[in-house]
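Enquirer: Sequence and predicted structure are below.
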Amino acid sequence: MKMYSAWIITIGNELLIGKIINTNASWLARRLTLLGYNVNRIVVIPDNLNDIAETFREAVNKNIDIVISTGGLGPTFDDKTSEGLALAFNKKLVINEDALKMVREKYVRKGWKLTESRIKMAKLPENAIPIKNHTGTAPGIFLKVNDTYIISLPGVPVEMKVMFDFEVINILKKRASKYYYSEAELTCKGLPESGIAPIVKDVMDRFKNVYIKSHPRCSELGQLIITIHVTSFGKSRSEADKNVSKAVAELKELLGKLGGKIS
């Protein structure tokens, strides 16, 4: 049974210069992971047409199952996601009548004119399907290329999140993951990270379906505390939970024997 792969593409110069924290990527990565998808790449690219096209094309060439992008769907000159998608797959950029209806309704309600820059948000690659934007103006884009689902959402976090929860979820049901995700954390005091590294490697070698990552930090008193994050995917909820619980039990026993205080 195949585990579906996912890429997250975040578009915007403001991300690359550090002016905006990339909260969209972390939020989407968490949601996709909890839904059972294997997020194996997060890419940040500028508002550059060729970079956008190249990144989408690479995802399709690598047979990625789900690609979700954020940013670049607005009315300004540097919003180039739709055009980049069209360029990537040699499609015409056309006014999508359903998207135009969505945009028109937003502005008519406010008594504003439908200018060229606003009509721009209704220009989609041919054969694309617009995604309803509940809180903003720019529609999202759903485009299937070969076996890859491409979903483009606005960069405004509240718009992106609402669209994901109300619209994207329904799209993902057509390619719902058959895997389940489980995780657990434990903390270890009294041992350096170099001391627990062999234990972590040993447990991972013996529990093939588990991934373990250690994260060292210091308390206010300067004491080293290591958080150990244990994750697993399984073909059922119980299988994923069992993978994690077995690995956690083994870690507690082995680290305890070394003198670590585990909680």
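Expert: That came through, no problem. No experiment lies behind these values; they were computed from the predicted model shown. Numbers count the residues shown, from 1 in each chain.
Enquirer: Which strand or helix spans T187?
Expert: Assessed by DSSP states H and E, T187 sits inside strand 180-189.
Enquirer: Determine the set of other helices and strands touching that strand.
Expert: strand 224-234, helix 237-257, strand 261-262 (3 or more CB pairs under 8 Å, 6 or more residues apart in numbering; DSSP states H and E). Using the backbone N, CA and C atoms, a C-beta is placed for each residue, glycine as well.
Enquirer: Please work out which of these is packed deepest.
Expert: Neighbour counts (mean count of other CB atoms under 10 Å) averaged over each of the helices and strands packed on strand 180-189 peak at strand 224-234, with a mean of 19.
Enquirer: Can you list the strands that that strand pairs with?
Expert: According to DSSP bridges, strand 224-234 forms sheet pairs with strand 180-189 (antiparallel), strand 210-218 (antiparallel).
Enquirer: Show residues contacting the strand holding T187.
Expert: With contact meaning CB atoms under 8 Å, 6 or more residues apart in numbering, strand 180-189 is reached by 33-36, 196, 223-237, 239-241, 243-245, 248, 251-252, 255, 260-263.
Enquirer: Also stretch 104-116?
Expert: So stretch 104-116 is contacted by V103, R118, T137 (CB under 8 Å, 6+ apart).
Enquirer: Most neighbours among these, please name it.
Expert: Highest neighbour count within those, by other CB atoms under 10 Å: V103, with 24 neighbours.
Enquirer: so where's the stretch 1-150 of the chain uncertain?
Expert: Along the stretch 1-150 of the chain, the parts satisfying pLDDT under 70 run over 1.
Enquirer: the strands in it, which residues?
Expert: With DSSP state E, counting those that start in this stretch, the ranges of strands along the stretch 1-150 of the chain come out as 5-11, 38-45, 66-70, 93-95, 123-125, 129-131, 140-145, 148-153.
Enquirer: most neighbours per residue, which of these?
Expert: Of these, the one with the most neighbours on average (mean count of other CB under 10 Å) is strand 66-70, at a mean of 27.
Enquirer: and the direction of that one versus that of strand 38-45, what angle?
Expert: With axes from the mean of the first three to the mean of the last three CA atoms, to 10 degrees applied, the angle from strand 66-70 to strand 38-45 works out at 30 degrees.
Enquirer: same for strand 66-70, what does it pack against?
Expert: Contacts defined by 3+ CB pairs under 8 Å, 6+ apart place strand 66-70 against strand 5-11, helix 23-34, helix 49-61, strand 148-153.
Enquirer: so Y211 touches V203, yeah?
Expert: No. Y211 is beyond contact range of V203, at 10.5 Å (criterion: CB atoms under 8 Å).
Enquirer: Neighbour count for the two, which is higher?
Expert: Neighbours around Y211 and V203, counted as other CB under 10 Å, are more numerous at V203. The numbers are 21 against 15.
Enquirer: Excluding sequence neighbours, find me the nearest residue to V145.
Expert: Nearest residue to V145, sequence neighbours excluded (CB to CB, 6 or more residues apart in numbering): V60, at 5.0 Å.
Enquirer: so the one you found makes contact with Y149?
Expert: No. Using CB under 8 Å, V60 makes no contact with Y149, being 10.3 Å away.
Enquirer: shared neighbours of those two, anything?
Expert: Counting by CB under 8 Å, 6+ apart, the shared contacts of V60 and Y149 are V67.
Enquirer: Kindly reformat the helices and strands packed on strand 66-70 as a markdown table containing distance to K113.
Expert: What follows is the helices and strands packed on strand 66-70, written out as a markdown table (distance: least, CB to CB, whole Å):
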| stretch | distance to K113 |
| --- | --- |
| strand 5-11 | 28 |
| helix 23-34 | 31 |
| helix 49-61 | 28 |
| strand 148-153 | 26 |
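Enquirer: out of the ones you listed, nearest to D98?
Expert: Comparison of these against D98 by CB to CB identifies strand 148-153 as nearest, at 15.2 Å.
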